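S.K.: Sequence first, predicted coordinates after that:
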Amino acid sequence: MNSSQQEEKEEDQFGPSVDSTDMEERIAARRLRIKKRLEAIRRAEMGEDLDANKQIEEELSRSRKQMEKSRIKLTKLREDGVKLVTNIRVGADAREQSRRLTEEDSKRHRKERLDGEAKAGGERFEEITRKWESALQKEIPQDLYEMLTQQKNGCDALIEEKNKLINDFQSELKNKDNEYVKDLKKMAHDIDLMLIRMDEQVKKLTESYRKELMEIENEFVLERNELLETQGAKWELTMKCRRDKEEEYLKSREKRVEDHEKQLRHKRIADAEEYNKVKIQLETDVQNAEQQLQQLRATYQLNQEKLEYNFQVLRKRDEENTITKSQQKRKITRLQDVLTNLKAKLAKQEKQYKDENANLTDDYKRLTDQFKELQKKSRHFLGIDAAKFRDVWIMNENEAKDYLNKVLECDKLIHEQQLGMAWPVSDIAFTENIGPLASEEQRKKNTITAHQVAEEILSTNQSRASEEWERKKSAILEKFPPVLIKKILELLCDESGFLIEEKLNRLLEPLEANERCLMKLDSIFSALKVDTADDVDVLSKYFVHITEPKEDQNENQNEERGEEEEPDEGVEEGDMEDETSSENMQSKDTLIHPNLVLKALRQFVEDNRQQAKVVVKSAEFEIASLKERDASEDQKYWMSYPAVLTEEKKQIWSALSQGLEKYHDVLASRANLLTETDSLRQQNAELRMLLHQYVNSKVNKELEIPPTKVLQFELNN
């Protein structure tokens with residue numbers, strides 16, 4: 001076992017190594033190690049005793065004895081040399097371990113000091129901040145001066161403590177630099193000592209290997225001569241055994257050929273008998289199939305006669321249906337004549353009503369257009385001013401947020417990567433704001449919900465509404481009159497019951513009609529995502545259609561709808577007449593039929609599906625007038641950005657900058673030393689190349705005593 005372990009160690013040292021810098025060599029070393037393990041497992045399963053075989057072989061082999069003897073001697077020499085060299089590394093590792101323990105203690109002490117100083121500084125800073133509130137309440141100048149003097153003394157004391165801590169850390173940093181220089185000198189001395197010992201070990205090992213190799217070669221030469229004699233006799237004996245085995249193999253092969261021929265004859269006879277049986281069976285199956293085919297043909301003939309009889313019956317029925325269809329067409333023609341007469345009467349009445357209402361409608365439209373144009377211009381200029389103000393605000397806000405994020409990212413990198421400290425997270429909740437600040441009163445003033453629209457329209461006491469509501473309602477519902485909006489909401493409440501839960505319907509039964517309708521509209525608006533008065537305005541467009549004033553267009557529309565839709569048109573026209581009579585005016589906007597409510601809701605949902613809802617409503621950013629805007633919180637909001645970077649963080653950044661500049665100077669000096677080292681290595685390589693060319697030059701062969709012979713003679717001596 002000892003010899004096998006020594007062989008494995010020797011192969012590991014002189015073969016591929018897993019500690020090599022070459023990746024291919026490391027891979028080869030791992031594969032060789034796995035192969036050895038598998039071979040050892042295989043031999044252990046087969047029960048081979050490797051040690052016994054090696055011991056017998058070593059007892060019989062003179063070369064093995066000499067190799068074992070040389071291996072033991074060289075292994076001891078290598079172990080002594082490795083131990084002599086590694087003692088330097090062991091000492092360096094022990095010094096490094098003690099240095100790391102000391103560094104951990106000092107690092108923990110620094111962290112405790114920093115935590116204590118941060119806590120004490122925070123308490124003092126809070127105390128100074130609290131005193132500012134009392135200072136603002138003082139009105140006498142002398143008291144205010146004393147308070148300012150006390151605040152200044154407190155701030156100076158706080159800064160003095162911070163500077164003291166910084167000076168202590170700077171002195172400790174200088175001590176670390178001195179210790180680092182001493183460690184470099186000690187490492188350089190250890191490396192020089194290690195190189196000297198390694199050179200000595202290389203020389204000793206080279207001489208020992210050369211000597212042991214000569215002895216092993218001599219033993220191999222003697223053993224080779226003995227093996228030639230013994231193996232020659234064994235070869236003759238082996239050849240004789242081979243000839244005997246070839247003769248026995250020929251005799252056994254002739255016997256096997258005869259047995260195979262007998263078996264082949266028996267197989268041919270059995271296959272012929274089986275073929276005859278299969279042929280008879282297939283012929284029987286063909287006869288049965290022909291009988292079934294005759295039966296199917298008879299069945300087909302009978303079915304064909306039945307189908308012909310059914311065809312004659314169906315043709316007679318078709319003739320009867322044709323006669324009935326012509327009678328129905330004549331009846332439809334008579335009904336269409338009646339319909340044409342009724343349409344003519346209706347058109348004559350509509351023309352009479354329209355002529356009477358034309359003058360009033362033109363005056364109403366002219367005044368309405370003037371009022372709308374005035375409102376449009378007012379909203380246009382107010383919107384432009386508000387948009388410009390908002391765009392400038394957002395541009396400055398985004399720029400401030402970008403600078404703030406960059407500063408916080410730098411501060412985080414400084415604390416975590418440079419100082420090795422936990423980064424204190426700053427309060428930046430104010431950055432979630434987007435756009436100009438608006439007070440709660442302005443938001444309520446500028447926002448009208450869909451619930452408020454429904455409540456005011458469905459209310460019976462509309463005359464009690466405030467002037468502010470009347471102003472907003474006229475601006476929001478300027479496209480449709482309130483009476484039409486009320487009818488639209490009632491139609492939506494009656495025809496959209498499927499959007500309301502059954503439990504809610506049961507709870508609303510005891511309430512009055514207006515309250516029950518209002519609660520249903522809240523549920524329907526929630527399902528349709530209708531939140532504001534603008535959404536109600538958009539929804540109303542899907543429940544009305546504009547009737548054309550010309551008679552020919554009405555007639556064409558009625559003719560296209562046909563006879564089945566005539567009752568629906570009568571209902572729509574009746575609704576229109578009720579609206580005009582209640583308002584003493586004829587409107588062009590008419591309600592859709594209740595049967596079309598579901599189609600209108602589906603169209604509204606599909607048209608508004610892709611429109612994303614903004615979290616902050618645009619009504620919050622609408623400003624009626626920039627002069628009326630409350631700017632009391634603007635200065636506080638903008639001063640929140642520079643307040644994130646405290647004075648303490650600025651001092652930390654300054655101290656870190658000074659330390660990094662010193663560290664940069666050290667790295668620059670090390671870079672210069674590395675450059676000089678690379679130049680010396682290049683010179684050494686060039687000298688080696690010149691020496692190699694000198695030794696391998698052809699001129700040496702022409703000399704009687706070449707320099708290479710002199711060098712070899714000196715090496716041998």
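M.R.: That came through, no problem.
S.K.: how about the helices of the stretch 451-600 of the chain, start to end?
M.R.: Assigned by DSSP state H, counting those that start in this stretch, the helices in the stretch 451-600 of the chain fall at 467-476, 482-495, 502-508, 513-528, 533-540, 551-561, 566-583, 597-607.
S.K.: Give me the domain ranges for the protein.
M.R.: 2-232, 448-616, 646-717 (automatic domain parsing).
S.K.: so where's the longest helix in the chain?
M.R.: Secondary structure of the chain read by DSSP state H shows that its longest helix is helix 141-413.
S.K.: if we can go back for a sec, weakest of the domains of the chain by average pLDDT?
M.R.: When those are compared by mean pLDDT, domain 448-616 comes last with a mean of 62.
S.K.: Now do the end-to-end distance for stretch 418-432.
M.R.: 30 Å (CA to CA, to the nearest Å).
S.K.: Can you name the residues in contact with it?
M.R.: Residues from elsewhere that reach stretch 418-432 (CB atoms under 8 Å, 6 or more residues apart in numbering): 107, 111, 114, 401, 404, 408, 411-412, 415-416, 637, 640, 644, 652, 656, 660. All C-beta spots, glycine's among them, are computed from the backbone N, C-alpha and C.
S.K.: The same query, at a cut-off of 7 Å, please.
M.R.: 401, 404, 408, 412, 415-416, 637, 640, 644, 656 (CB atoms under 7 Å, 6 or more residues apart in numbering).
S.K.: for stretch 500-508, same thing?
M.R.: Contacts for stretch 500-508 (CB under 7 Å, 6+ apart): 516, 519-520, 523-524.
S.K.: quick one: contacts for Arg74?
M.R.: For the record, residue 74 is Leu, not Arg. 208-209, 212.
S.K.: For those, give me TSV that also has neighbour count.
M.R.: As requested, these are exported to TSV (neighbours: other CB atoms under 10 Å):
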residue	neighbour count
Ser208	15
Tyr209	13
Glu212	18
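S.K.: Please report how far Asp355 lies from Arg30.
M.R.: As for Asp355, its distance to Arg30 is 106 Å (criterion: CB to CB, to the nearest Å).
S.K.: more neighbours, these two?
M.R.: Arg30 (12 against 9; other CB atoms under 10 Å).
S.K.: helix/strand/coil for the more buried one?
M.R.: helix (DSSP: H, G, I helix; E, B strand; the rest coil).
S.K.: ok, it to Glu24 distance?
M.R.: 11 Å.
S.K.: ok, how many other residues are close to Ile88?
M.R.: Ile88, neighbours per other CB under 10 Å, totals 15.
S.K.: Could you do Asp634 as well?
M.R.: Neighbours of Asp634 using other CB under 10 Å come to 13.
S.K.: So what touches stretch 191-199?
M.R.: Taking CB under 7 Å, 6+ apart as the rule, stretch 191-199 contacts 84-85, 88.
S.K.: one more time with 10 Å, if that's ok
M.R.: Contact with stretch 191-199 is made by 81, 84-89, 92, as judged by CB atoms under 10 Å, 6 or more residues apart in numbering.
S.K.: Tell me which entries of those residues lie within strands.
M.R.: With strands defined by DSSP state E, no entry of those lies inside them.
S.K.: which of the residues you listed count as buried?
M.R.: Neighbour-count burial within those applies to 81, 85, 92; the criterion is 16 or more other CB atoms under 10 Å.
S.K.: Tabulate the domains of the chain (JSON lines), appending distance to Leu374.
M.R.: Below are the domains of the chain laid out as JSON lines (distance: least, CB to CB, whole Å):
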{"stretch": "domain 2-232", "distance to Leu374": "49"}
{"stretch": "domain 448-616", "distance to Leu374": "11"}
{"stretch": "domain 646-717", "distance to Leu374": "54"}
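S.K.: Of the ones you listed, which is nearest Leu296?
M.R.: Proximity to Leu296, assessed across these by CB to CB, is greatest for domain 448-616 (52.9 Å).
S.K.: hang on, the earlier thing: kindly reformat the buried ones among the contacts of stretch 191-199 as JSON lines containing distance to Leu74.
M.R.: As requested, those are exported to JSON lines (distance: CB to CB, whole Å):
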{"residue": "Gly81", "distance to Leu74": "10"}
{"residue": "Val85", "distance to Leu74": "16"}
{"residue": "Ala92", "distance to Leu74": "28"}
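S.K.: closest to Val257 among the residues you listed?
M.R.: Using CB to CB, those come closest to Val257 at Gly81, 71.5 Å.
S.K.: Hmm, Thr206 and the closest one touching each other?
M.R.: No: counting by CB atoms under 10 Å, Gly81 stays clear of Thr206, with 11.7 Å between them.
S.K.: could you show me where the helices are in the stretch 601-717 of the chain, in order?
M.R.: Going by DSSP H, counting those that start in this stretch, the stretch 601-717 of the chain shows helices at 634-639, 647-695, 699-702, 707-716.
S.K.: Kindly give the local confidence score, pLDDT, for the closest residue to Glu633 other than its chain neighbours.
M.R.: Distance criterion CB to CB, 6 or more residues apart in numbering; nearest residue to Glu633, sequence neighbours excluded, is Leu437 at 5.2 Å. As predicted, Leu437 sits at a pLDDT of 70.
S.K.: All good on my end, thank you.
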